[in-house]
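would you be able to build a 3D model of this:
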Amino acid sequence: MSDDFSIDAKIFSDRKSSFLVKVAGKKSREGLLPGDVLVIDRNLPHEKDKLALVVRKGKFAIERVSGVLIQNDDPENGDFIWGMVKALVREVS
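All right, here's what the predicted structure looks like:
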């Protein structure tokens with residue numbers, strides 16, 4: 001193994017804009033399972049069809065970004081993209 005590999009550097013390129021979020025719920029959605037941990041980066045550009053942590057009516061949700069969401073991304077109206085999903089951490093058993 002190479003000594004210069006750092007998982008921190010790979011996943012947390014900007015620590016000030018990176019957050020960990022645990023997936024809640026009882027069923028899987030978008031390939032995510034309850035208990036998965038997502039790395040959310042607030043500085044990544046909003047990209048269509050990528051997963052994002054969005055705010056809808058004051059509540060967080062994980063959704064695929066649509067063109068409509070990008071166009072209507074406005075924290076003032078209550079629905080907006082909080083950050084993009086950069087990585088997934090999942091325990092294997």
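
so what are the sheet partners of the longest strand along the chain and their directions?
The residue-count maximum for a strand in the chain (DSSP state E) belongs to strand 80-89. If you go by DSSP bridges, strand 80-89 pairs up with strand 37-41 (antiparallel), strand 51-56 (antiparallel).

buried set for it?
Residues Phe80, Ile81, Gly83, Met84, Val85, Lys86 are the ones in strand 80-89 that count as buried (16 or more other C-beta atoms under 10 Å). C-betas here are computed from N, CA, C, even on glycine.

need the strands paired with strand 80-89 in TSV (columns: mean neighbour count).
Shown next, in TSV, are the strands paired with strand 80-89 (neighbours: other C-beta atoms under 10 Å):
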stretch	mean neighbour count
strand 37-41	18
strand 51-56	18
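
pipe the ones you listed into JSON lines and attach distance to Ser28 and mean pLDDT per row.
What follows is the strands paired with strand 80-89, written out as JSON lines (distance: least, C-beta to C-beta, whole Å; pLDDT from 0 to 100):
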{"stretch": "strand 37-41", "distance to Ser28": "13", "mean pLDDT": "96"}
{"stretch": "strand 51-56", "distance to Ser28": "13", "mean pLDDT": "94"}
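
low-confidence regions, this protein specifically.
1-3 (pLDDT under 70).

now the strands paired with strand 80-89 in a markdown table, with distance to Val65?
Shown next, in a markdown table, are those (distance: least, C-beta to C-beta, whole Å):
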| stretch | distance to Val65 |
| --- | --- |
| strand 37-41 | 13 |
| strand 51-56 | 5 |
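
and of those strands, who's closest to Pro75?
strand 51-56 (7.7 Å; C-beta to C-beta).

next secondary structure after that closest one?
Counting by DSSP states H and E, the element after strand 51-56 in chain order, helix or strand, is strand 59-64.
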